[in-house]
Each structure stands twice: as structure tokens, then as C-alpha cells.
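Visitor: whatever this is, show me its structure:
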Amino acid sequence: MNKKEEQWALFWCSLLRPLLYDEIHEKGSYRFLRNLSEQEVPFPNGSQKKPSLSTLKRKLALYSQSGFESLARKPRSDKGLPRKVTQSVIDTAISVKRDQGERSAATVNLFLNDLHRITVPCSTLYRHLKAHGATRLKLDIVKKKVRCRWTREKPNELWIGDFSDGPCVLTPDAQVARAYLSLFIDCHTRYVVEGRYYLRESFDILIDSLLRAWSVCGLSEELYLDNAKIYHANALKSTCYALRIKLIHRTPRDPSPGGLVERLFGTNQSQFETEVRAGDILTLDALNRAFQAWLHQYHHTVHSETKHMPAKLYQVATKRRVPVETAVKFFMKEEKRTVHGDFSDVSLHGQFYAVNPQLRGDKVLVKFDPYGTMDKVLIYSFDGNFLGEGRRYSREEKDRTPLVSPQKKPAYNYLDLIVRNHDEHLQQKARGIDFAALPTTTGWSLGTFISTAAELLGKKEGTSAFSTREIETLKKLYDRLPGLNISMLQEAVASAEIKTIGQLVLELQKFKNNH
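Guide: Residues are numbered from 1 along each chain as shown. Down below sits the predicted model:
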């Protein structure tokens, strides 16, 4: 006796209970059965009707003779056999289907109408074909895959990511827009390494989610994504190769392997998003704050599959860290620009970026992080050589610091060459003149003054440490201050806050005005 048969036996026993346990005298049994037959009762098959008096008498006699099991509903003698159509029609349908397994129910019925002048409902036809092993699956026409469960032995071995449509939110300009949930889940622990709602479903959102997950949870060994176009971007492939992450794409028209993340989407929709839709419309920030609270609750609830809390399982995860900059550079975009000849800048998305003035008029590649703050860009030549950075600025800035690199002293000194040639020329005409020995109005020579200044200013190289412009400045000072001596120079250097030529000139000028 199966469960269904047992249910029918209990039904008849419950109706006949007073007679089965002699609660009614034998003389009153007929009256009890007659009254019972006039009452509508719910039957086990869901119908509501009156049991016939003859059926009640028969069930009572069966129980008295054979006991409880005799009250079970007997199966039809023609169970499984065609009743509205003949067996010959079914045999023909089976033969037609076996002859060509790809034939549909409509095609099989064309043959039945031609041979027997009859058609069979599709559900009836399929039931008989399945019972005789004549469906496409039974005939091995459909090569359906035998699945195995997606799992990994430890955390961060495999992450699965996807997008899902979310509820509508209120945008900053008081418009209503659809939100989209971008989510990545760890296969082993069912821990959501990153989940957040956005206002669009695009490649930059995918990258933002991945960068957030990598910066917090490290890198996974494998990454499983949908087969959509954004998941095949070269930038994503390059990054995964560089970070040694195996990128796996879902096979086209085969959604089953993504069931793990889809199941989480379903849980989120039934538990979280239904509550969001039932309340007042939220902003995107408020929606994400509420989602993070729900996610925390999900992480600390025992999972029905793993029998552990995702957060507890993920605690032992080995996190393979990498600087975020290493990943960002693969997602940088580039634009061709010409450096402005007057302003020494490049224009990008309505913003100006100041670059080295030496690049004015040059054609350059401007590389930038489209997901960052865009405060600066990187400047490269078309050959791939790094030329420097570009700083975002306004062309109205008055105190713009020039980005000219300090110039090195030339390896071949032109002045030394012409002086040496001139000295040789003088030696040929005369023995030469000793300018350092000539008398001066100050009592000491210009050369002595310059070398003394170099020593007081801490120039270890002596006079050669000064540039031509600095020597010219010292000469003008020497000519303008008659009576200059070493004590005045020492006092001026001691008073200078910064030991430079400009500060020295300023202090000597003060000394002159005070005396």
C-alpha cells in the first residue's frame, strides 16, 4: 500500500468509524449509513460530493471481511493503456518517432492523420512515447550534459561574477533610474567578496567592482564570468594574464554553470529587494548602505549548502596581495593629443593638464585612469617612452610653476675654449697682464672677493661652483659697493637666513643703507 492508497483507506475508516468500533447499535447502522450518504464530504482527490449508500455498505463489508488494507483504492485495470485511442495508433506513433527521432509531435500527428484519420493530443502522445523510450532524450538525439557540482577546496580559488537588474532609485537630479547589482562570490565559502549597486551595467562598472574586491580580498586563482561582450575586453584579459588569474567564460547558451551566483541573486531579490520595493524609493547611496547591512547578515547566517557561515569559512582564506596600481595600468585609456604651443598643456574631456614646456607643439599619447579622480595624466611619446606627468589646472592660474628640468653643465665648455685660445694669442704678443695683481679701489681684487664669498657660502668647489649669472651678480655688487671688505662680507653671510647669492646681495644692501 502506497501513501495515496493509505490516504483513501483512512478516508473510508474515518467515515465509518462509529460502526467499526460498535459505537452505534446494529439496528441503527442502516439509518447511520443513509444519513451519511446524504451529506457532502471532502474526498482525498479534492472533490466535494456525497458518498453513495451502496459504496458505504460495500466499504463496511470489505473492512469486516479483509481489514484495513482492503479499503485502499484499487488501480484501474487499464492503467497505462490508451483508452481514447487504440493501441494500433500508439504503435504507429512510436514507429514514426523511432524512424526519425527529430520529428515533432505535429509531424507525428501528420502521419497518424494520414494512416488512421486521427490526431493525438501532444501531452498524451509524449506520455506514451516516453513510456516506450521514444523521446529525443531516450533516443539519444539530445546530447544533454551530465553535470557535476561546482566547488573548490579552499577560499579564493574561484570567484563567480555577474550583473542583476535591481530596483529603481532616485538620482541626484530627482530622476528615477534602474539600479544594477554587480556581485562576485567565492565558490568555496559562498562569501561575497564584492557587491554593490550601480546606475549602469558596463565595463567600467565591472572593473570598479574587481578593483574593490582585489584591494580588500586579494586575488583569486580563477575568475568565472558570463559570455557577454564586456567580459571579453582585451584590458580584462591582459590584467588576468599579468596577475596570473585564469579567466573562464560561460559556454554560450549554457546557463547552468552560473547557477551559484544566480541562486544568490534569487535570495537577494526575495529577501532584500522585495522590502526595498515595498518602501519609499531610495537614493543609490541609501540602497547600497542597506544592501551592505543585508550582506553582513547573509555572511553570518548558516548557509543551507555548506552548513557553515560564509564569513567564518572565509576567515582562513589565503590572500594573494598585489598593489592596485599594478592592475590599474592595464585598464588605462589613451588619447592622441598635441601639446598647446602657448599654454603648454593638453586638453582631455574638457579639462586642461599642464605638461613640460619642452613638449610644446609635440604630438603625444595621453594615458589616464578613467575610473580615478582624473587629477593627473601620464604623457608618453608615440614610441612608448615616458615623458612625464600632466597636472590638472586652470589656464587662469597666475603662479604656475614651470616644469622645466634642471640643465646639466655641458661636457664641452665653449668659454674655456675661447679663453684658452685668447691666452695663447696674448702670450705670443707679450708676456701677459696679471689682473689679480692690479690695484683696486676696495683694497682687494674681484677674484679674491668671489673666492671669499664662495668659501663663506659653503661652496666646496670654490669659484667654479658659481654659474655665469651668479658671478655677474657678484661683479655688479663688487662695483656698486666701494670700500667692501671681508668683515662686511662675513657679517652679511652670518645675517642671511638662506645662504644664497640673492640673500647675500640683500644683506649687503641693508648694511650699506644702515652705514
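Visitor: need the contact list for residue 287.
Guide: When contacts are counted by CB atoms under 8 Å, 6 or more residues apart in numbering, residue 287 touches 166, 167, 169, 179, 197, 276. The C-beta positions use only the backbone N, C-alpha and C, and glycine is treated the same way.
Visitor: so the first one, which of the three states?
Guide: Three states are possible here, and by DSSP: H, G, I helix; E, B strand; the rest coil the one that applies to residue 166 is strand.
Visitor: what packs against the helix or strand in which residue 89 is found?
Guide: Assigned by DSSP states H and E, residue 89 belongs to helix 87-99. Helices and strands touching helix 87-99, by 3 or more CB pairs under 8 Å, 6 or more residues apart in numbering; DSSP states H and E, are helix 105-116, helix 122-131.
Visitor: gap between stretch 375-394 and the chain center?
Guide: Centroid separation between stretch 375-394 and its chain, computed with CA atoms, centre = their mean, to the nearest Å, is 27 Å.
Visitor: okay, buried residues for that stretch please.
Guide: Under the neighbour-count criterion of 16 or more other CB atoms under 10 Å, stretch 375-394 has 377, 378, 379, 380, 387, 390, 391 buried.
Visitor: in the stretch 401-515 of the chain, where is pLDDT below threshold?
Guide: Residues of the stretch 401-515 of the chain meeting the criterion pLDDT under 70: 401-409, 427-443, 515.
Visitor: circling back to that earlier point, only alpha carbons, please: show the helix holding residue 89 as CSV.
Guide: In CSV, the C-alpha atoms belonging to helix 87-99 read as follows (Å, rounded to 0.1, in the frame of the first residue of the first chain):
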residue,chain,number,x,y,z
GLN,A,87,-3.2,0.6,-29.3
SER,A,88,-2.5,0.4,-33.0
VAL,A,89,-2.5,4.2,-33.2
ILE,A,90,0.1,4.4,-30.4
ASP,A,91,2.2,1.7,-32.0
THR,A,92,2.2,3.7,-35.3
ALA,A,93,3.2,6.9,-33.4
ILE,A,94,6.1,5.1,-31.7
SER,A,95,7.2,3.6,-35.1
VAL,A,96,7.1,7.0,-36.8
LYS,A,97,9.1,8.6,-34.0
ARG,A,98,11.8,5.8,-33.9
ASP,A,99,12.1,6.1,-37.7
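Visitor: may I see the buried residues of that helix?
Guide: 89, 90, 92, 93, 94, 96, 97.
Visitor: now do stretch 216-234
Guide: Residues of stretch 216-234 classed as buried: 217, 218, 219, 220, 222, 223, 224, 225, 226, 230, 231 (neighbour count, 16+ other CB under 10 Å).
Visitor: in strands, which of those residues fall?
Guide: Of those, the ones assigned to strands by DSSP state E are 222, 223, 224, 225.
Visitor: closest one to residue 421 out of the buried residues of helix 87-99, please.
Guide: Of all the buried residues of helix 87-99, the one with the least separation from residue 421 (CB to CB) is residue 97, at 109.6 Å.
Visitor: give me the nearest residue to the closest one, chain neighbours excluded.
Guide: Of all residues not flanking residue 97 in the chain, residue 134 sits nearest, at 4.5 Å (CB to CB, 6 or more residues apart in numbering).
Visitor: isn't residue 393 right up against residue 355?
Guide: No - using CB atoms under 8 Å, residue 393 is not in contact with residue 355; the gap is 10.3 Å.
Visitor: overlap in contacts, these two.
Guide: residue 345.
Visitor: stretch 15-30 - what's its average pLDDT?
Guide: For stretch 15-30, the per-residue pLDDT values average out at 86.
Visitor: what sits up against it?
Guide: Applying CB under 8 Å, 6+ apart, the contact partners of stretch 15-30 are 13, 32, 33, 36, 41, 51, 56, 59, 60, 63.
Visitor: in the sheet, which residues pair with the fifth one? Tell me.
Guide: Applying DSSP bridges to residue 41 gives these bridge partners: residue 49.
Visitor: any chance of the contacts of residue 287 in TSV with distance to residue 499 and neighbour count as columns?
Guide: Listed next are the contacts of residue 287 as TSV, based on distance: CB to CB, whole Å; neighbours: other CB atoms under 10 Å:
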residue	distance to residue 499	neighbour count
166	65	24
167	68	19
169	62	21
179	63	24
197	60	24
276	68	22
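Visitor: now render those residues as a markdown table, adding distance to residue 309.
Guide: A markdown table is the format used below for the contacts of residue 287 (distance: CB to CB, whole Å):
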| residue | distance to residue 309 |
| --- | --- |
| 166 | 25 |
| 167 | 27 |
| 169 | 30 |
| 179 | 27 |
| 197 | 24 |
| 276 | 24 |
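Visitor: and residue 365, what does it touch?
Guide: Here residue 365 is in contact with 334, 335, 336, 337, 379, 380, 381, 382 (CB under 8 Å, 6+ apart).
Visitor: does the last one count as helix, strand or coil?
Guide: Under the three-state scheme (three-state DSSP), the conformation of residue 382 reads as coil.
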